[in-house]
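**Student:** Predicted model and sequence follow; I will ask about them next.
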Amino acid sequence: MKSKLLVLLLLASGSVFARTNIAIGVGIGGFGGGVYVAPPPPVYYAAPAYAVPAPGPGYTWIPGYYYPVGARYVWRAGYWTRPPYARARWIAPRYYGGRFYAGRWR
């Protein structure tokens, strides 16, 4: 009886110093780990920059573009906006090398 208790105590005390490894993986990005199917060709239209004047001084025309929503692309029509800071330049969104890069101000 004492030997069984001693073995049980040794096993229990050995597990106190055992190291537990836990790994949790989280994927963020588009479907397929951030790899997107190429978007459809852009919609070509006459920009209203020539037909409709800017709503005020300092506005910039951002042309329309596709952006991913889940497993598909959605068209965002062009719009007038003010740059976030002086001399800011709009870098259009693009699809390159199987990845989608969002548009941004630079």
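**Tutor:** Received the coordinates, thanks. Residues are numbered from 1 along each chain as shown.

**Student:** can you pull the contacts of residue 8?
**Tutor:** Applying CB atoms under 8 Å, 6 or more residues apart in numbering to residue 8 gives no contacts. The C-beta positions use only the backbone N, C-alpha and C, and glycine is treated the same way.

**Student:** So it: helix, strand or coil?
**Tutor:** Assigned by DSSP: H, G, I helix; E, B strand; the rest coil, the conformation of residue 8 is helix.

**Student:** before we move on, what about residue 4?
**Tutor:** Residue 4 ends up helix, using three-state DSSP.

**Student:** Which pLDDT value goes with it?
**Tutor:** pLDDT for residue 4: 76.

**Student:** So what pairs up with residue 104 in the strands?
**Tutor:** Beta-bridge pairing of residue 104 under DSSP bridges involves residue 91.

**Student:** Next one: it from residue 9, what distance?
**Tutor:** Distance, residue 104 to residue 9, by CB to CB, to the nearest Å: 63 Å.

**Student:** ok, now residue 92?
**Tutor:** 69 Å.

**Student:** Looking at the two, which is more packed in?
**Tutor:** Taking other CB atoms under 10 Å, residue 92 and residue 9 do not tie; residue 92 has more neighbours (13 against 10).

**Student:** which residues sit in contact with that one?
**Tutor:** Shown in contact with residue 92 (CB under 8 Å, 6+ apart): 63, 65, 103.

**Student:** Could you check how far the last one is from residue 11?
**Tutor:** Meaning residue 103. Distance of residue 103 to residue 11, given as CB to CB: 61 Å.

**Student:** between these two, which one's more packed in?
**Tutor:** Legend: neighbour count by other CB under 10 Å for residue 103 and residue 11, higher for residue 103 (14 against 9).
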